[in-house]
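*Asks:* Dropping the sequence and predicted coords here.
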Amino acid sequence: MSTRTSETMKAIQVYTEGDPEVLVYEDVPRPTAGPGEVLIRVYAAGVNPADWRARAGFPDVPEKFRHAIPPIPRPSIPGFDVSGIVEAVGPGVTEFREGDAVYGMVRFPHGGKSYAEYTRAPVTDLARKPVTLDHLQAAAVPMAALTAWQMLYLDLEASQTVLINGAAGGVGHFAVQLAKLKGARVIGVASGRHAAFLRELGVDQFIDYTVTPIEQVIHDIDVVFDTVGGENNRLLSILKRGGRFVPINIGNYSTEHAALAGITIGTSHHQALQSSSVQLAEIGKLIDTGQVHVVIDTVVPLAEARKAHERGEAGHIHGKIVLRVVEEGRCSRPPAYPLA
């Protein structure tokens, strides 16, 4: 049975667009699980650029693209990535039972409401949590890993060379590992402070963009996977004729130049990022067998979500940012992240 609607929980709410100070920690009604859903006791929530961009009203999106942004109701609870325990199951649910540990990217892009003590989620958005990860680590996985999986891994071929711009970040560090698993040659671009980290992940070549302009040292690349955005014509110039440019964020690049060079923009399947329980289960297997590793930049308590957004917007992230909602017992592996 689902919990009573009269019960409350702690959550982060956003009443108006603005700076991180608009994130309010308060009591809100606890949700209930509907048909095909489970109610999750949230142990940790992943923090993604989509969260702080939505909070600020997507100021980086040009006016001509704003029609594609789904409306955000206010007040709203931010967040999509979640790891926790099934508290209750809704009608018709057979995939999970109360007490199961699950993780997922919930209701993207319409609002997963993971910055809370409880959230409801369709079972199609969830998979069983990797057994080798604690909830903090598991919450760092879904959106970033699914982005790398759907927008790079599915199209990549073993014979190709891929340049990953922003390779040390949340999406980037998963993209490096998945590309190496595909057998591709990987060039990682980040600031010099991340050089050792990326070499440990397996990049074949590292470029410190603060020292060396990419276009001066790299040419004839098969795929450019850009997690940064901004001015991207220089990235188009390093692709070979017939290459592929995959931007994760909206950037400024010449579609005319791309067309003249025979460059494909985006993925072969032309689909937006979407939740997938099947792909999360596959990613979980790679994690549990030690083929993919999760790196966390910062952990912040739920009540201090403002600090997590400030850290994210400061940039130069080393892995993922996560909100701690429930204190866990001692993890079977030492945590690979600093505690805020």
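*Replies:* Okay, I see it. Residues are numbered from 1 along each chain as shown.
*Asks:* Which residue, neighbours along the chain excluded, lies closest to the most centrally placed residue in the chain?
*Replies:* If you average the C-alpha coordinates of the chain and look for the closest C-alpha using C-alpha atoms, centre = their mean, you land on Ala144, 2.6 Å from that point. Distances taken as C-beta to C-beta, 6 or more residues apart in numbering place Gly170 nearest to Ala144, at 3.9 Å, with adjacent residues excluded. Placement of C-beta: from N, CA and C, glycine included.
*Asks:* how about stretch 105-123 as PDB, C-alpha atoms only?
*Replies:* Extracted as PDB, the C-alpha positions of stretch 105-123 are listed here (Å, rounded to 0.1, in the frame of the first residue of the first chain):
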ATOM      1  CA  MET A 105      16.900   8.800 -13.800                       C
ATOM      2  CA  VAL A 106      13.300   9.600 -13.000                       C
ATOM      3  CA  ARG A 107      10.800  11.300 -15.200                       C
ATOM      4  CA  PHE A 108      13.300  13.100 -17.400                       C
ATOM      5  CA  PRO A 109      12.900  15.800 -18.600                       C
ATOM      6  CA  HIS A 110       9.600  16.600 -16.900                       C
ATOM      7  CA  GLY A 111      10.800  16.500 -13.300                       C
ATOM      8  CA  GLY A 112      12.000  13.600 -11.200                       C
ATOM      9  CA  LYS A 113      11.800  15.500  -7.800                       C
ATOM     10  CA  SER A 114      14.800  13.600  -6.400                       C
ATOM     11  CA  TYR A 115      15.900  16.400  -4.000                       C
ATOM     12  CA  ALA A 116      13.600  15.000  -1.300                       C
ATOM     13  CA  GLU A 117      13.300  12.300   1.300                       C
ATOM     14  CA  TYR A 118      10.800  10.500  -0.900                       C
ATOM     15  CA  THR A 119      10.000  10.400  -4.600                       C
ATOM     16  CA  ARG A 120       7.700   8.300  -6.800                       C
ATOM     17  CA  ALA A 121       9.100   6.800  -9.900                       C
ATOM     18  CA  PRO A 122       7.900   4.700 -12.900                       C
ATOM     19  CA  VAL A 123       9.500   1.200 -12.700                       C
END
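*Asks:* that older thread, how far away is the residue nearest to Ala144 from Val299?
*Replies:* With distances defined as C-beta to C-beta, to the nearest Å, the gap from Gly170 to Val299 amounts to 14 Å.
*Asks:* Can you pull the domain assignment for this protein?
*Replies:* What the record gives for the chain is the domain set 8-142+294-324, 155-265, from automatic domain parsing.
*Asks:* Could you report the pLDDT at Asn252?
*Replies:* pLDDT, Asn252: 62.
*Asks:* For the stretch 51-200 of the chain, which residues score under the pLDDT cut-off?
*Replies:* By pLDDT under 70, the low-scoring segments of the stretch 51-200 of the chain are 62, 64-68.
*Asks:* any idea where the strands of it begin and end?
*Replies:* Taking DSSP state E, counting those that start in this stretch, the strands of the stretch 51-200 of the chain run over residues 81-89, 101-105, 118-122, 126-128, 161-165, 185-190.
*Asks:* Identify all contacting residues around the last one.
*Replies:* If you take C-beta atoms under 8 Å, 6 or more residues apart in numbering as the criterion, strand 185-190 is touched by 160-169, 172, 176, 179-180, 194, 198, 201-209, 214, 218, 221.
*Asks:* chain center to it, what's the gap?
*Replies:* Shown here is strand 185-190, whose average C-alpha point lies 19 Å from the average C-alpha point of the whole chain (C-alpha atoms, centre = their mean, to the nearest Å).
*Asks:* Report the inter-axis angle for it versus strand 161-165.
*Replies:* Here the directions of strand 185-190 and strand 161-165 differ by 10 degrees (axes from the mean of the first three to the mean of the last three C-alpha atoms, to 10 degrees).
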